[in-house]
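# Any chance you can model this:
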Amino acid sequence: MNITISDITGNEVYIMPHVPAEIEYASESDNETIETLSGKIRLVGEDGLQHVSWTAILPLYKNYSWQKLGSLVNGYDYIKFINTMKKNKLPIRVVITDDTFNSLLNKLMSIDSFTYKKDRAKDYTYSIELTEFPQDKWEFLNTVLQTKGYMVELANKSATRKSLKKFGLL
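Numbering: from 1, shown residues only. Next up, the predicted model:
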């Protein structure tokens, strides 16, 4: 099995060095029970968001036989990346494949929980919990951010701004 995480654009891609024996997948449904005159009935709702979690190791300047090819030597680089994405409130792309590279999961996900500590071997042990971040929500947010960026750029280039700056008013 393989786990890869990346930023939304795919510019920063991280192959996780250790894949645990167990990865927990969960999903919910928006089911509802309602009371009718003839008794309770169950309404099957839409699929909810998918969750995934695991606990693994990030080696610190060591090469173990179980490390994945292409993973980083400094385990702290993964911690910095995840904390940066969490701090900036950005989802990450998580791709989990089996040994024949069939995709088991390929979704944008929000980081719900991320804890880590240094173990006796001076490596990092971490646990992470993620929840699906719907792609259409990111596309909406990205459009808003791009529009805002365009407006800021337009304002920076405007003749009025240049004039105000020339006279020391900006």
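# What ranges does the chain have for its helices?
76-87, 135-157, 159-166 (DSSP state H).
# buried residues in stretch 76-94?
78, 81-82, 85-86, 90-94 (16 or more other Cβ atoms under 10 Å). (Each C-beta comes from the backbone N, C-alpha and C, glycine too.)
# so where's this protein uncertain?
For the chain, the stretches flagged by pLDDT under 70 are 137-170.
# if we go to 80?
45, 135-170 (pLDDT under 80).
# Could you pull up the residues touching the residue most central in space within the chain?
Nearest to the geometric centre of the chain sits residue 92, at 2.3 Å (Cα atoms, centre = their mean). Residues near residue 92 by Cβ atoms under 8 Å, 6 or more residues apart in numbering: 5-8, 82, 85, 108-109, 111, 130.
# ok, the residue nearest to residue 12 when sequence neighbours are not counted - contacts?
Nearest residue to residue 12, sequence neighbours excluded (Cβ to Cβ, 6 or more residues apart in numbering): residue 6, at 6.0 Å. Neighbouring residues of residue 6 by Cβ under 8 Å, 6+ apart: 12-14, 92-93, 95.
# which residues are contacting the longest strand belonging to the chain?
Taking DSSP state E as the assignment, the strand of the chain that covers the most residues is strand 103-118. By Cβ under 8 Å, 6+ apart, the surrounding residues in contact with strand 103-118 are 1, 8, 25, 50-53, 58, 60, 79, 82-83, 85-86, 91-98, 124-135, 138.
# Next, count neighbours for residue 30.
10 (other Cβ atoms under 10 Å).
# is it true that it touches residue 46?
Yes. Assessed by Cβ atoms under 8 Å, residue 30 is found in contact with residue 46 at 5.2 Å.
# Report the beta-bridge partner residues of the closest residue to residue 16 other than its chain neighbours.
Of all residues not flanking residue 16 in the chain, residue 3 sits nearest, at 4.1 Å (Cβ to Cβ, 6+ apart). For residue 3, the beta-bridge partners under DSSP bridges are residue 96.
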